[in-house]
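Enquirer: Model the following, please.
(2 chains)
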Amino acid sequence: MSALRRWLAEGTSQRWLAAACLLIALAMIAGLVLVVVRVAGGFFWPRPLVELTLANGTRVLGEVWDREGDPASPGNTRIRLKVGNRDLSGADFRWIRQSEVTARSVPADAWLIERRENGNFYGFPLRLDADGRPLSFADPRFRAVLQQKIGEAHRLLDEERTVRRRVDRQHAPVAKLMTLLAAARRRLVDTRDLEARLAAAQVREAAETAPAMERLAAVREALAHGKLVMATAQGGDRAIPVAAIVRAVPENALSRTQKLGLYLSRWWEFIGGQPRESNTEGGVLPAIFGTALMVLLMAVAVVPLGVVTAVYLNEYAREGALTNAVRLALANLAGVPSIVFGAFGLAFFVYTLGGGIDRLFFSNVLPTPTFGTGGILWASLTLALLTLPVVVVATEEGLQAVPQAVRDGARALGATRWQTLRRVVLPYAAPGILTGAILALARGAGEVAPLMLTGVVKLAPAMPFDSVPPFLHLDRKFMHLGFYIYDVGFQSPNVEAAKPMVYAAVLVLLVLVVALNLAAIALRNRLRRKLRGAAV
Amino acid sequence: MSKRLAALATRELVAGFGETEVLKGITLEVGERGVTALIGPSGCGKSTLLRCFNRMNDHLAGFYRRGDIMVAGRDAYDPSWPLEALRFQVGMVFQKPNPFPLSIRENVLFGPRLAGVKDPDTLEAILTHSLQRAQLWDEVKDRLGGSALDFSGGQQQRLCIARALASSPDILLLDEPASALDPIATARLEETIRELSSEVTVLLVTHNLQQAARVAHRTAFLFLGRLVEESETTQLFAAPREKLTEEYVTGRFG
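Expert: Predicted coordinates:
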């Protein structure tokens, strides 16, 4: 008994327990990062195209994604093969029993065609129909010509997008007049003036956009030419318009360097590209952009508000039941589920504030809402409210850590209360304040639920920041990585094929949050170094 | 009646916090220039008395006072005399060094900037002169932009003196300024105080009787909120009038 007591008193066991807890925590974090990096990291790496001959004589071509025990016949395995060609077979994946496979090969002339629509196509190139005459796959120039045609098509598509955007911009005055006219008609007011202005604007638009429309028609005409004819493993063939091809890759004939190049270019497309096929392909650039901008707007709103609140609470308010009640309320606010903030944001920011702004400043287009609908401003403010307690509590702690002796020193030199606060107390508390800002950033960047009610969308037609004045469009809806993950992972029409995209987006979100935090931490450490060795 | 030349004076000063009466009727006059030491056992009210002269007690909860507090012949609570203006005239150095998290330069120029001095040449002159008077100039002249927090305790305390001097006060209140310092730093600080006493009135609270004997021209002994005796330092230590004083300075209690 006394030996046990001594053993407990020595604390060896407690130390081991503590170390074990730390280890478990570390393992969970490492596990999270590892899973994400493994799935996301492997997704873009080229896989071999395998051709399987089945017992009934049919042949299938695709990428092996998975192997597992066959639940229907124990002892056997089954293979999950990504066969692509969604437009032909209706599904991207097929389960194939190992026992049905009679032959397996990795044909060197099997190609993967990444398409803008209908996902991947796996098959064997036959010929390229362009410039009026067919170019056979056997021709040594085939690859070069194909790549050149794809490159040309990409450039034409870029041009088409640019021209279309310009036409859209030139259409803006007409669109605005049409909204105004519709609103005026609903209000039964005299619309003759508006109608005249609309007619004039339409004439002007037609004149302005005529050359662009001509160019657009020419580009579309050029894009309609050129087809790549592919044979499928089953034996049929299929013509794919060159304009629909993102990449044509002879996956089984790639060198290591080429594989690496392909891998990096796929990552680049993911990070820097626009989404395709209801987000299950393409890139997440708008979502990265929306996330970063939303978090920054939130910080701009929450840090000043939280700091001023904490300063009043800690420096000016008389300690008592009221300040304690305020602190209790703030602490409870931190524990409210985030979706509740979303509901509040929708009711207060979107409907009340936004609706009020619309009635005051945008009444001529009502009932079409401008600010009275979800947007990046309301989402940011909702998150600012959500993270307010974090900033207030951290700032209060920072203020309380300022030594009384330093405050007294400033007062004794003839500084007023405000001067003491401004010149001595706030600089002293700055690292604590920044810690609060960092915690708020981390919390805000990870929230999704409140955004779904206040302005996030699956696919935003325009970014909230662009080259059109006033550049920052706070009323616009936006894309967000967290919502992208939820949407692609749960709501996408092709969940199975898009799952790795979820992990890739998770990885990008983690990197983004870590980058935002690191920037804030670096700033805080700079300030800390200035305060190093603080006396008293 | 206070003498016309008294830099600091109190008349029948009663002061305390809430229920506790700390000062129980103190009448004291401190002449211009020279060092006056306030000694007495812990809790006798010497720090409270010191802080009456720049009204630092006003910020403490429950402070009250009756009786007059005169600074340079003027009522310290004269409503036409702003608190901040009083403090430009009465500098204070605290028990523990309390430099601001700013550079040496900004620490010293804190007071002048509050007073609205903007001319760079004037500010530079104040900086040099204050640091010289605090005998810190030679040690810091090459690193005026460096953080004040990188210094030793003794240097920080002399920086606090320089900071107080920068507002060119006529009176300097020192609240046990050497209590957090080692003996060598203490000796240097005492030398600084002696040098300063030819120009400003120094009121020094100290626990250390030897320190009072070394630097103070006059010494006042406080006991339980009352002024027991005030006289020339040599006389107070060698031939005190009161028995209580004799018992205290000979170390029989305290």
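Enquirer: When you work out contacts or count neighbours from here on, use the C-alpha atoms and nothing else.
Expert: Fine.
Enquirer: Touching stretch A:285-297 from outside, list them.
Expert: Residues from elsewhere that reach stretch A:285-297, judged by Cα atoms under 8 Å, 6 or more residues apart in numbering or on different chains: A:270-275, A:376-377, A:379-381, A:441, A:444-445, A:460, A:463-464, A:478-481, A:484, A:508-509, A:512.
Enquirer: Which among those count as buried?
Expert: With neighbours counted by 16 or more other Cα atoms under 10 Å in any protein chain shown, the contacts of stretch A:285-297 contain buried members at A:270-271, A:273-275, A:376-377, A:379-381, A:441, A:444-445, A:460, A:463-464, A:478-481, A:484, A:508-509, A:512.
Enquirer: Could you tell me which of those are located in helices?
Expert: Taking DSSP state H, the ones among the buried ones among the contacts of stretch A:285-297 that sit in helices are A:270-271, A:376-377, A:379-381, A:441, A:444-445, A:481, A:484, A:508-509, A:512.
Enquirer: pLDDT at the residue nearest to A:N517 when sequence neighbours are not counted, what is it?
Expert: For A:N517, the nearest residue in space outside its immediate sequence neighbours is A:I438; the separation is 6.0 Å by Cα to Cα, 6 or more residues apart in numbering or on different chains. The model reports A:I438 with a pLDDT of 85.
Enquirer: And the residue of the stretch 151-254 of chain B that's closest to chain A?
Expert: Ranked by Cα to the nearest Cα, the top residue of the stretch 151-254 of chain B for proximity to chain A is B:A164, at 6.7 Å.
Enquirer: other SSEs contacting the strand or helix carrying that residue?
Expert: Taking DSSP states H and E as the criterion, B:A164 maps to helix B:153-165. Packed against helix B:153-165 by the contact rule (3 or more Cα pairs under 8 Å, 6 or more residues apart in numbering or on different chains; DSSP states H and E) you find strand B:90-93, helix B:104-108, helix B:110-114, helix B:120-133, helix B:183-196.
Enquirer: one more time with 7 Å, if that's ok
Expert: Other helices and strands packing on helix B:153-165, by 3 or more Cα pairs under 7 Å, 6 or more residues apart in numbering or on different chains; DSSP states H and E, are strand B:90-93, helix B:104-108, helix B:120-133.
Enquirer: what's the following helix or strand after it?
Expert: According to DSSP H and E, the helix or strand after helix B:153-165 is strand B:171-175.
Enquirer: Return that following strand as PDB; C-alpha atoms alone will do.
Expert: These are the backbone C-alpha positions of strand B:171-175, laid out as PDB (Å, rounded to 0.1, in the frame of the first residue of the first chain):
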ATOM      1  CA  ILE B 171      10.100  68.500  -7.800                       C
ATOM      2  CA  LEU B 172      11.000  64.800  -8.000                       C
ATOM      3  CA  LEU B 173       9.300  62.100  -6.000                       C
ATOM      4  CA  LEU B 174      11.200  58.900  -5.500                       C
ATOM      5  CA  ASP B 175       9.300  55.900  -4.100                       C
END
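Enquirer: Give me the mean pLDDT for that strand.
Expert: Mean pLDDT, computed over strand B:171-175, is 91.
Enquirer: Tell me which other helices or strands that strand touches.
Expert: strand B:90-93, strand B:201-205.
Enquirer: related to what we said a few turns ago, which of the helices and strands packed on helix B:153-165 is buried the deepest?
Expert: Burial among the helices and strands packed on helix B:153-165, expressed as mean neighbours by mean count of other Cα atoms under 10 Å in any protein chain shown, is greatest for strand B:90-93, which shows a mean of 28.
Enquirer: next one: it to chain centre, how far?
Expert: If you compare the mean C-alpha spot of strand B:90-93 with that of the full chain, they lie 6 Å apart, counting by Cα atoms, centre = their mean, to the nearest Å.
Enquirer: Measure how buried the closest residue to A:P464 other than its chain neighbours is and give me the count.
Expert: Sequence neighbours aside, A:H473 is the residue nearest to A:P464 in space, at 4.9 Å (criterion: Cα to Cα, 6+ apart). Close neighbours of A:H473, defined as other Cα atoms under 10 Å in any protein chain shown, add up to 17.
Enquirer: As JSON lines, the helices and strands packed on strand B:171-175 with distance to chain A and mean pLDDT would be great.
Expert: Putting the helices and strands packed on strand B:171-175 into JSON lines (distance: least, Cα to the nearest Cα, whole Å; pLDDT from 0 to 100) gives the following:
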{"stretch": "strand B:90-93", "distance to chain A": "6", "mean pLDDT": "92"}
{"stretch": "strand B:201-205", "distance to chain A": "15", "mean pLDDT": "92"}
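Enquirer: buried ones in stretch A:81-99?
Expert: Of the residues in stretch A:81-99, A:L81, A:K82, A:V83, A:G84, A:N85, A:D92, A:F93, A:R94, A:I96, A:R97, A:Q98 count as buried by neighbour count, 16+ other Cα under 10 Å.
Enquirer: do the same with stretch A:233-248
Expert: For stretch A:233-248, the neighbour count (16+ other Cα under 10 Å) marks A:A233, A:R238, A:A239, A:I240, A:P241, A:V242, A:A243, A:A244, A:I245, A:V246, A:R247, A:A248 as buried.
Enquirer: For chain B, what lies in contact range of chain A?
Expert: By Cα under 7 Å from any Cα of the partner chain, the part of chain B that sits against chain A consists of B:56, B:84-85, B:87-88, B:91-92, B:98-101, B:111, B:114, B:147, B:149-150, B:164.
Enquirer: Can you select the buried ones from these in ChimeraX?
Expert: One line in ChimeraX is enough to select the buried ones among the residues of chain B next to chain A; burial here means 16+ other Cα under 10 Å:
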select /B:56,84,87,88,91,92,98,99,100,101,111,114,147,149,150,164
